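[1] What follows is a protein structure lacking sequence information:
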């Protein structure tokens, strides 16, 4: 079973909207303006949100190579007292919204998001597990917390107890508004690994901007120490991150510990290493979800890579996706 374990949606509406919200500051950034233009999105309300849902469903339906995708919620920023910090939250996609969305498509899987500093963090985690979450998503440099904070330890114990993998962003970030770049270091995830959590380091620690620190070598070194650490290939089809492809493919251990992810709706660009003819052919694929997959097929990722997400998230084992076409 082939999964894309890293797919985003957005919610539009004012703060307090049950589904979530996107701040005006984020909507005005180049990255969001480009994605909205490319997807033909107009406005920023419930109709815009429904358009994103339809585009994602159509993209998946037009990608026969994929058996399922993990659609990610995105928790907000929380203060030290555990209360929701609305002014510093620029993207919030509620767990309830993604639960409901995943009920609308047979190939959508629920990726929860719970900031470990919120007052009800463990209770919310338990609720998401009961609702069928297949992983938990963090982006610490945007959500404003240090994964090595001792306050995260009870949360790690709960993740390990439920055998719920943690998909945590590592390395740089270009599309969202960052609060603390120091939280990009994958070494901050060592407490989670030491408490038995299966950790997927999103983007394998790669940089997102020129002259930014790159943590790929740190990530690769950690793989040799922690057998419960993995990475994903989300957004590696961006020029600043594509340097990781030859490193992954040339190192047998790294190659055996990465899973497929696209970071949809991030634009995938074929890297130069596939050759000019292949680049032009791949750019003809207008479906970004499928183009990302086709690029990685062309790069030579093997069958183990394509099946690894299913095994790691235990989707087939738990019969979480229906068999058969459609």
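    Received, thanks. Worth saying up front: this structure is predicted, and the values here are computed from it rather than measured.
[2] which SS state does residue 312 fall under?
    helix (DSSP: H, G, I helix; E, B strand; the rest coil).
[3] Let me fix that, I meant to ask about residue 126.
    For residue 126, the secondary-structure state derived from three-state DSSP is helix.
[4] and stretch 18-25, how far from the chain's centre?
    When distances are taken as Cα atoms, centre = their mean, to the nearest Å, stretch 18-25 is centred 18 Å away from the chain's centroid.
[5] Any buried residues in it, and which?
    19, 20, 21, 22, 23 (16 or more other Cβ atoms under 10 Å). The C-beta positions use only the backbone N, C-alpha and C, and glycine is treated the same way.
[6] With respect to residue 113, which of those residues is nearest?
    residue 20 (10.2 Å; Cβ to Cβ).
[7] Closest one to residue 12 out of the buried residues of stretch 18-25, please.
    residue 22 (5.7 Å).
[8] Quick check: the closest one vs residue 109, distance?
    23 Å (Cβ to Cβ, to the nearest Å).
[9] can you check residue 17 too?
    Taken as Cβ to Cβ, the span from residue 17 to residue 109 is 24 Å.
[10] Comparing the two, which residue is more hemmed in?
    residue 109 (24 against 17; other Cβ atoms under 10 Å).
[11] quick check, the more buried one in a helix?
    No: secondary structure of residue 109 (three-state DSSP): strand, not part of a helix.
[12] Hmm, residue 137 and it touching each other?
    No: Residue 109 is beyond contact range of residue 137, at 12.0 Å (criterion: Cβ atoms under 8 Å).
[13] how about the buried residues of stretch 18-25 in TSV, adding pLDDT and distance to residue 320?
    As requested, these are exported to TSV (pLDDT from 0 to 100; distance: Cβ to Cβ, whole Å):
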residue	pLDDT	distance to residue 320
19	95	23
20	95	24
21	94	29
22	92	29
23	88	33
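[14] which among those residues gets closest to residue 118?
    So of these, ranked by how close each gets to residue 118 (Cβ to Cβ), first place is residue 20, at 14.5 Å.
[15] which one is that closest one nearest to, not counting chain neighbours?
    Leaving out its chain neighbours, the residue that sits closest to residue 20 by Cβ to Cβ, 6 or more residues apart in numbering is residue 11, at 3.1 Å.
[16] That neighbour: what's it in contact with?
    Residue 11 makes contacts with 17, 19, 20, 21, 22, 49, 92, 93, 94, 97, as judged by Cβ atoms under 8 Å, 6 or more residues apart in numbering.
[17] just residue 237 next, same as before
    So residue 237 contacts 268, 269, 270, 271, 292, 295, 296 (Cβ under 8 Å, 6+ apart).
[18] Compute the number of surrounding residues for residue 181.
    So residue 181, with other Cβ under 10 Å, has 13 neighbours.
[19] quick revisit: going by distance to residue 206, which of the buried residues of stretch 18-25 wins?
    So of the buried residues of stretch 18-25, ranked by how close each gets to residue 206 (Cβ to Cβ), first place is residue 22, at 24.9 Å.
[20] Could I get the phi/psi values of that closest one?
    In terms of degrees, to the nearest 10, the main-chain angles of residue 22 are phi -130, psi 130.
[21] Distance of it relative to residue 229?
    Going from residue 22 to residue 229 by Cβ to Cβ gives 31 Å.
[22] now residue 109
    Taking Cβ to Cβ, one finds residue 109 at 22 Å from residue 229.
[23] what do you get for residue 158?
    Residue 158 is 19 Å from residue 229, by Cβ to Cβ.
[24] check contacts around residue 157.
    Contacts of residue 157 (Cβ under 8 Å, 6+ apart): residue 195.
[25] Look up which helix or strand it falls in, please.
    helix 153-162 (DSSP states H and E).
[26] That helix: what's the following helix or strand?
    strand 166-169.
[27] Which secondary structure elements does that next one sit against?
    Packing contacts for strand 166-169, counted by 3 or more Cβ pairs under 8 Å, 6 or more residues apart in numbering; DSSP states H and E, involve strand 135-138, helix 140-143, strand 199-202.
[28] For the lowest-mean-pLDDT helix or strand in the chain, buried residues please.
    Ranked by mean pLDDT, DSSP states H and E, the helix or strand of the chain with the weakest confidence is helix 30-38, at a mean of 80. For helix 30-38, burial by neighbour count (16+ other Cβ under 10 Å) applies to 32, 35, 36.
[29] Now find how far off-centre it is within its chain.
    19 Å.
[30] ok, and for the helix or strand just after it, which residues are buried?
    For helix 30-38, the succeeding helix or strand toward the C-terminus, using DSSP H and E, is helix 46-61. For helix 46-61, the neighbour count (16+ other Cβ under 10 Å) marks 48, 49, 51, 52, 53, 55, 56, 57, 59, 60 as buried.
[31] likewise stretch 194-203?
    Buried residues in stretch 194-203 (16+ other Cβ under 10 Å): 195, 197, 198, 199, 200, 201, 202, 203.
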